[in-house]
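Visitor: no FASTA, just this:
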Ligand SMILES: Nc1nc2c(c(=O)[nH]1)N=C([C@H](O)[C@H](O)COP(=O)(O)OP(=O)(O)OP(=O)(O)O)CN2
Ligand SMILES: [Zn+2]
């Protein structure tokens, strides 16, 4: 099997959310989410990086940190979005990170995104 690089990065976002219709989680509450992503590729860029992980972190922190997730169209069913469960947050973050990767000439490939609500509860989306 040919060799490749793998990049894994974790960062935090503090968000409020509620799951409409859910019992306890239907109430507005917050989490310090740990977001982890895994990117692979055979080629590095001019800086010898698969992709600068700060670019990804800053894009997601800028959009979601200290925000109420339900207010974003992607997390509002009435606007065609989904409920902000850990599974769906992982999926939405996957789409955003994949979009950033697709703009790079060296073709880094996003494998999965993990959203950890607590040490005991997390969801992953992607190739797992
Ligand atoms: N499959 C999923 N199940 C749940 C999700 C989710 O995203 N995906 N999310 C929640 C809530 O966000 C909730 O905040 C989690 O509740 P928490 O109090 O952390 O859960 P506990 O393990 O502590 O459950 P208790 O039995 O209330 O102690 C819930 N489910
Ligand atoms: Zn919650």
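Guide: The structure has been received and is ready for your questions. Since this is a predicted model, take the numbers as computed values, not measurements. Ligands and ions are numbered 1, 2, ... in the order given.

Visitor: residues from this structure in reach of ligand 1?
Guide: 24-25, 29, 85-87, 117-118, 121 (Cβ under 6 Å from any ligand atom). Any C-beta I mention is one placed from the backbone N, CA and C, and that applies to glycine too.

Visitor: most neighbours of all those residues, which one?
Guide: residue 86 (20 neighbours; other Cβ atoms under 10 Å).

Visitor: quick check on it: phi, psi?
Guide: phi -60, psi -40 (degrees, to the nearest 10).

Visitor: just list whatever residues bridge to the nearest residue to it once chain neighbours are set aside.
Guide: With Cβ to Cβ, 6 or more residues apart in numbering as the criterion, residue 86 has its nearest non-adjacent residue at 3.8 Å, and that residue is residue 123. Residues in a beta bridge with residue 123, per DSSP bridges, are residue 115.

Visitor: restricted to helices, list the residues of the chain next to ligand 1.
Guide: Of the residues of the chain next to ligand 1, the ones assigned to helices by DSSP state H are 86-87.

Visitor: got JSON lines for the residues of the chain next to ligand 1, with pLDDT too?
Guide: Below are these laid out as JSON lines (pLDDT from 0 to 100):
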{"residue": "24", "pLDDT": "95"}
{"residue": "25", "pLDDT": "97"}
{"residue": "29", "pLDDT": "98"}
{"residue": "85", "pLDDT": "98"}
{"residue": "86", "pLDDT": "98"}
{"residue": "87", "pLDDT": "98"}
{"residue": "117", "pLDDT": "97"}
{"residue": "118", "pLDDT": "95"}
{"residue": "121", "pLDDT": "97"}
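
Visitor: okay, now residue 33: neighbour count?
Guide: 25.

Visitor: how about the contacts made by it?
Guide: 12-15, 89, 115-117 (Cβ atoms under 8 Å, 6 or more residues apart in numbering).

Visitor: and if we set it to 10 Å?
Guide: 11-15, 17, 60, 64-65, 69, 86, 89-90, 93, 114-118, 122 (Cβ atoms under 10 Å, 6 or more residues apart in numbering).

Visitor: which of these are buried, as a PyMOL select command?
Guide: Those of the contacts of residue 33 that meet the burial criterion (16 or more other Cβ atoms under 10 Å) are gathered into one PyMOL selection, given here:
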select buried, resi 11+13+15+17+60+64+69+86+89+90+93+114+115+116+117+122
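
Visitor: alright, that wraps it up for me.
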